[in-house]
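Peer 1: With the input below, show me the fold.
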Amino acid sequence: MSRIRNEKDIPVTVEVESESWAAALTPRLAQFAAVARHEHVTRAAQELEVPQSTLSRAMVRLEEDLGVALFARRGRTVALTPAGRTFLRSVERALAEVDRAAETVRADADPAAGRIAFGFLHTLGSETVPGLIRAFRVHHPRVRFQLVQNYGEAMIERMRAGGLDLCLTSPVPDAPDLVARRLDEQRLRLVVPDDHRLAGRRRVRLVEAATELFVTLEPGYGLRRITDTLCAEAGFTPKIAFEGEEAETIRGLVAAGLGVALLPPPAVPRPGVAELTVTAPRAVREIGVAWLDGHPDTPSVAAFKRFLLSRRGQLLD
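Peer 2: I've put the predicted structure just below:
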């Protein structure tokens, strides 16, 4: 229950829906905090540059809306009641959060000091992405990055939910709500244990591994879909021995003799495996950048997007 005043300034008790509290109280929160800080209505009114009578009426109506006494009054001097002190703690936190949000939005709108929420595949995290960010920050040294590593479908869902501005993914997505641009392609290798029957070869046709056990990423990962597609093109369905979530773990399982895998090149050569060029079918994965269609970009996001598009064909250099 709450009390407001009608046209004749007579208090009237009314129901206030719970979702209306923020709209009803927000304009008076900064005023309440100022009065509480000064413990004096006149001095608070001077700080806020409003008439003392206006501020006094606002505090009375705030108390009426809440149905509790926030101040003990002694003339124009006031002191917080226990309820007022409790309310002040929450009000100060809320006002501070509004200040932080405003500063963040202002910073994000500054092309020299904005924030970019950028997603990318785990396999691009050791060299490709650090190199990209280093090159971009040569001309945008104050831009901040929120970096998210995940598989493609998870990143796209996070982007749809507003958690990412753009992402590097593979395969390049094709969806009506997305804009996607191909940037580069990466050769995949057949990775086998170093004592495998094929380990002494430099090149291999994928069909030569048709009888092998495969170690792959889990369903839903882009590289898993590419593996299944390439094996189908080679005329067989891979026999899956193990499924994982990270390419280097897959490479470790291969080194342990637990199967073979189709993987992008490692950042650092790993002992215990041989990495063979696949001659047929053509074993590559396309890397692209994607973002939500129609979503407005901050200047910093737009600058980074232009930078990524300028790296077509050179993303993996």
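
Peer 1: Quick one: distance of stretch 55-63 to the chain centre.
Peer 2: Computed by Cα atoms, centre = their mean, to the nearest Å, the chain-centroid distance of stretch 55-63 equals 42 Å.

Peer 1: you'd agree Thr211 is in a helix?
Peer 2: No - assigned with DSSP: H, G, I helix; E, B strand; the rest coil, Thr211 falls outside any helix and is coil.

Peer 1: Just want the phi and psi numbers for it.
Peer 2: Note on Thr211: its backbone torsions stand at phi -90, psi 0 [degrees, to the nearest 10].

Peer 1: and the residue lying closest to Asp184 once chain neighbours are set aside, what pLDDT?
Peer 2: Nearest non-adjacent residue to Asp184, counting by Cβ to Cβ, 6 or more residues apart in numbering: Leu315, 3.9 Å away. C-betas here are computed from N, CA, C, even on glycine. Leu315 is assigned 92 on the pLDDT scale.

Peer 1: Quick check: phi and psi at Leu315.
Peer 2: Dihedral angles (degrees, to the nearest 10) for Leu315: phi -60, psi -40.

Peer 1: so it touches Arg182, yeah?
Peer 2: No - Leu315 lies out of contact with Arg182 (Cβ atoms under 8 Å); the separation is 9.8 Å.

Peer 1: residues contacting the residue nearest to Asp184?
Peer 2: Thr128, Leu132, Leu183, Asp184, Ile287, Leu308 (Cβ atoms under 8 Å, 6 or more residues apart in numbering).

Peer 1: distance of the third one from Leu124?
Peer 2: Distance check for Leu183 against Leu124: by Cβ to Cβ, to the nearest Å, it reads 11 Å.

Peer 1: hey, what's in contact with both of the two?
Peer 2: In contact with both Leu183 and Leu124: Leu168, Ile287, using Cβ under 8 Å, 6+ apart.

Peer 1: what about Thr26, neighbour count?
Peer 2: By other Cβ atoms under 10 Å, the residues close to Thr26 number 12.

Peer 1: and it, how far is that from Arg181?
Peer 2: Distance from Thr26 to Arg181, by Cβ to Cβ: 42 Å.

Peer 1: likewise Ala154?
Peer 2: Taken as Cβ to Cβ, the span from Ala154 to Arg181 is 20 Å.

Peer 1: who's more crowded, those two?
Peer 2: Using other Cβ under 10 Å as the criterion, Ala154 and Arg181 rank with Ala154 on top: 16 against 13.

Peer 1: And the more buried one, which helix or strand is it part of?
Peer 2: Using DSSP states H and E, Ala154 sits in helix 152-160.

Peer 1: what residues does that helix touch?
Peer 2: So helix 152-160 is contacted by 119-121, 148, 150, 164-167, 169-171, 173, 175, 177-178, 220-222, 290-292 (Cβ under 8 Å, 6+ apart).

Peer 1: hey, where'd the helices end up in the stretch 101-250 of the chain?
Peer 2: All helices of the stretch 101-250 of the chain, identified by DSSP state H, counting those that start in this stretch, fall at 128-137, 152-160, 222-233, 247-255.

Peer 1: Of all those helices, which one comes closest to Ala69?
Peer 2: Nearest of those to Ala69, taken as Cβ to Cβ: helix 152-160 at 46.6 Å.

Peer 1: picking that back up, which residues do Leu315 and Arg182 both contact?
Peer 2: Residues touching both Leu315 and Arg182 (Cβ under 8 Å, 6+ apart): Ile287.

Peer 1: and the closest residue to Arg225 other than its chain neighbours, what is it in contact with?
Peer 2: In space, not counting the residues next to it along the chain, Arg225 is nearest to Pro171; the distance is 6.8 Å by Cβ to Cβ, 6+ apart. For Pro171, the contacting residues are Gly152, Gly222, Arg225, Ile226, Arg285, Glu286, Gly288, by Cβ under 8 Å, 6+ apart.

Peer 1: where does this protein dip in pLDDT?
Peer 2: Residue ranges of the chain with pLDDT under 70: 1-24, 76, 103-104, 107-109, 111.

Peer 1: For Ala290, which three-state class applies?
Peer 2: Ala290 ends up strand, using three-state DSSP.

Peer 1: separation between it and Val148?
Peer 2: 13 Å.

Peer 1: what sits in contact with each of those two?
Peer 2: Cys167.

Peer 1: if I've got this straight, Ala94 is in a helix?
Peer 2: Yes - under three-state DSSP, Ala94 sits within a helix.

Peer 1: nearest residue to it other than its sequence neighbours?
Peer 2: Leu29 is the one closest to Ala94 (Cβ to Cβ, 6+ apart), at 6.6 Å.

Peer 1: Is that neighbour in contact with Glu92, as I believe?
Peer 2: No - contact criterion Cβ under 8 Å: Leu29 and Glu92 do not qualify, at 9.3 Å.

Peer 1: Which positions in stretch 184-203 come out as buried?
Peer 2: Asp184, Glu185, Gln186, Leu188, Arg189, Leu190, Val191, Val192, Pro193, His196, Leu198 (16 or more other Cβ atoms under 10 Å).
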